[in-house]
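*Asks:* Show me the folded form of this:
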Amino acid sequence: MRGLYARWMDRWERNLATRDTNRVVRPFDWGSEWLHAIGFPSFPLDANGDAARRLPAFVTEALKDSDRFFSYLPVRDYLLQDGRLTFSSPAPSGDPENDTVHARWFPAPDDGGRALVVLPQWNSDAEGHVGLAKLLSRFGVSALRMTMAYHAERMPAGLERADYHCSANVGRTIHACRQSVIDARACLDWLEQRGYTRIGILGTSLGSCIAFIAAAHDARVRAGIFNHVSMYFSDVVWTGLSTQNVRKGFSGHVSQDELRRYWSVISPASYLNRLQGRDMRSLLIWARYDTTFRPVYSRQVLESFRTLKLPHKVFTLPCGHYTTGQYPFNLIDGLAMCRFAAKNL
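*Replies:* Sure thing, here's the model as predicted:
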């Protein structure tokens, strides 16, 4: 039987989770055109009717050469004005709003060459994690806060939420995650061009997944801060309180196990072994009463890091997913991340 605190936290989580009334259940789609647009591995444009058979081969090939899957051409049009950085996404979606990357720059007065790329949570607005970026700069670490694909300034007309980044469209979700990973790496390029040598990355929730994959494919990352962790992208979507509208879109089309395989290419579990032999310090943050990144899945990440003997620290929050953003947990979380960044970059 759960204790009084756990029941209180669960009620608070559910109250926060049900405040938004604009969630919609979008129809299932294999999204063949999005997989075809990636170009590697090859995927027929008209394969929707045969996608269930073709997708495993696509995923296997992408995982076999993930360096190529997440490769990109250098950005040539970085523009910094009044603390706001924009550039063209190296992994375009075809939507002009989404394909212009927006980031906000918060340089620390004396950062000693230390800088972090900061990625907020799913459905974050334009102000998400701006406070954290400012706090990082006060700790002596410059912060570049990037808007992920289909969020805030990058949201296409007609949308109210960042549904195109995570939805029951299998291929579009893969394409969107890949785009955000590549955009984050382009932000690392920009920091390097400005002379930064002690570079890290920080992500929360969906941003944590994107940050991990970017770090796993970029040896320049010396420290990774992963705020809410799970092994598989699909497990969060399938079981999380905040993604039940997405889960409903899969009903009758794919199982949890099948989706785990299809989305393994955008899951941290697939790239853990890439951290072996690297001197990258990680901070793994999980919440004991998380209703979205369920503790059972977070503990799998902690156990994998221990088994692989990857350098890391663990920080446990005494709250849930939504309540992480509430006082005092947001302050506890923010200070833990800033202290780790200041010490390990």
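
*Asks:* State the next helix or strand along the chain beyond the helix ranked longest in the chain.
*Replies:* Determined from DSSP state H, the single longest helix within the chain is helix 170-193. Next along the chain after helix 170-193, taking DSSP states H and E as the criterion, comes strand 198-204.

*Asks:* Name the strands paired with that following strand and say parallel or antiparallel.
*Replies:* On the basis of DSSP bridges, the sheet neighbours of strand 198-204 come out as strand 114-119 (parallel), strand 221-227 (parallel).

*Asks:* quick one, strands of the chain?
*Replies:* 79-81, 84-88, 100-106, 114-119, 142-146, 198-204, 221-227, 281-287, 312-317 (DSSP state E).

*Asks:* I'd assumed His102 was in contact with Thr86.
*Replies:* Yes: counting by C-beta atoms under 8 Å, Thr86 does reach His102; the two are 5.7 Å apart. Where you see a C-beta, it was placed from the backbone N, CA and C, and this is true even at glycine.

*Asks:* the more surrounded of these two?
*Replies:* Neighbour count, other C-beta atoms under 10 Å: between Thr86 and His102, His102 has more, with 19 against 14.

*Asks:* thinking again about what came up before, burial-wise, tell me which of the strands of the chain comes out on top.
*Replies:* Most buried of the strands of the chain, by mean neighbour count (mean count of other C-beta atoms under 10 Å): strand 114-119, with a mean of 30.

*Asks:* Please export the C-alpha coordinates of that one as PDB.
*Replies:* Output in PDB follows, covering the C-alpha atoms of strand 114-119 (Å, rounded to 0.1, in the frame of the first residue of the first chain):
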ATOM      1  CA  ARG A 114      32.800  26.300 -20.700                       C
ATOM      2  CA  ALA A 115      29.400  26.100 -22.500                       C
ATOM      3  CA  LEU A 116      26.300  23.900 -22.600                       C
ATOM      4  CA  VAL A 117      23.600  23.400 -25.200                       C
ATOM      5  CA  VAL A 118      20.300  23.300 -23.300                       C
ATOM      6  CA  LEU A 119      17.200  21.400 -24.600                       C
END
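
*Asks:* what is the orientation angle of that strand with strand 100-106?
*Replies:* Going by axes from the mean of the first three to the mean of the last three C-alpha atoms, to 10 degrees, strand 114-119 is angled at 140 degrees with respect to strand 100-106.

*Asks:* Averaged over its residues, which helix or strand of this structure has the lowest pLDDT?
*Replies:* Least confident helix or strand of the chain, by mean pLDDT, DSSP states H and E, is helix 4-17 with a mean of 92.

*Asks:* circling back: could you save the strands of the chain as TSV and add columns showing distance to Gly39 and mean pLDDT?
*Replies:* Formatted as TSV, those follow (distance: least, C-beta to C-beta, whole Å; pLDDT from 0 to 100):
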stretch	distance to Gly39	mean pLDDT
strand 79-81	27	98
strand 84-88	17	98
strand 100-106	20	98
strand 114-119	24	98
strand 142-146	24	98
strand 198-204	25	98
strand 221-227	25	98
strand 281-287	31	98
strand 312-317	34	98
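
*Asks:* Now tabulate those in TSV and tack on distance to Trp30.
*Replies:* Below are those laid out as TSV (distance: least, C-beta to C-beta, whole Å):
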stretch	distance to Trp30
strand 79-81	37
strand 84-88	28
strand 100-106	27
strand 114-119	27
strand 142-146	29
strand 198-204	27
strand 221-227	30
strand 281-287	32
strand 312-317	36
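
*Asks:* buried sites along the least confident helix or strand of the chain?
*Replies:* Judged by neighbour count using 16 or more other C-beta atoms under 10 Å, the buried positions of helix 4-17 are 9-10, 12-13, 16-17.

*Asks:* Quick one: the helices in the protein, in order.
*Replies:* 4-17, 32-38, 51-64, 66-69, 130-138, 170-193, 206-216, 233-239, 244-249, 256-262, 295-308, 329-344.

*Asks:* avg pLDDT for the fourth one?
*Replies:* Meaning helix 66-69. Averaging pLDDT along helix 66-69 gives 98.

*Asks:* how about it: buried residues?
*Replies:* So helix 66-69, judged by 16+ other C-beta under 10 Å, has buried residues 66, 69.

*Asks:* Could you do stretch 264-277 as well?
*Replies:* Those would be 264-272, 274-275, for stretch 264-277 by 16+ other C-beta under 10 Å.

*Asks:* One more: stretch 159-170?
*Replies:* 161-170.

*Asks:* likewise stretch 183-192?
*Replies:* 183-191.

*Asks:* who touches it?
*Replies:* 70, 72, 74-75, 78, 85, 87, 89-91, 101, 103, 115, 117, 119, 144, 146, 148-149, 199, 201, 210-211, 214, 217-218, 220-221 (C-beta atoms under 8 Å, 6 or more residues apart in numbering).

*Asks:* Next, the distance between the ends of stretch 119-136.
*Replies:* Chord length of stretch 119-136, first to last residue, is 13 Å (C-alpha to C-alpha, to the nearest Å).

*Asks:* Give me the distance between that stretch and the centre of its chain.
*Replies:* Distance, stretch centre to chain centre, for stretch 119-136: 13 Å (C-alpha atoms, centre = their mean, to the nearest Å).

*Asks:* Check stretch 215-225 too.
*Replies:* Worked out by C-alpha atoms, centre = their mean, stretch 215-225 lies 14 Å from the chain centre.

*Asks:* same deal with stretch 32-52?
*Replies:* For stretch 32-52, the distance to the chain centre is 23 Å (C-alpha atoms, centre = their mean).
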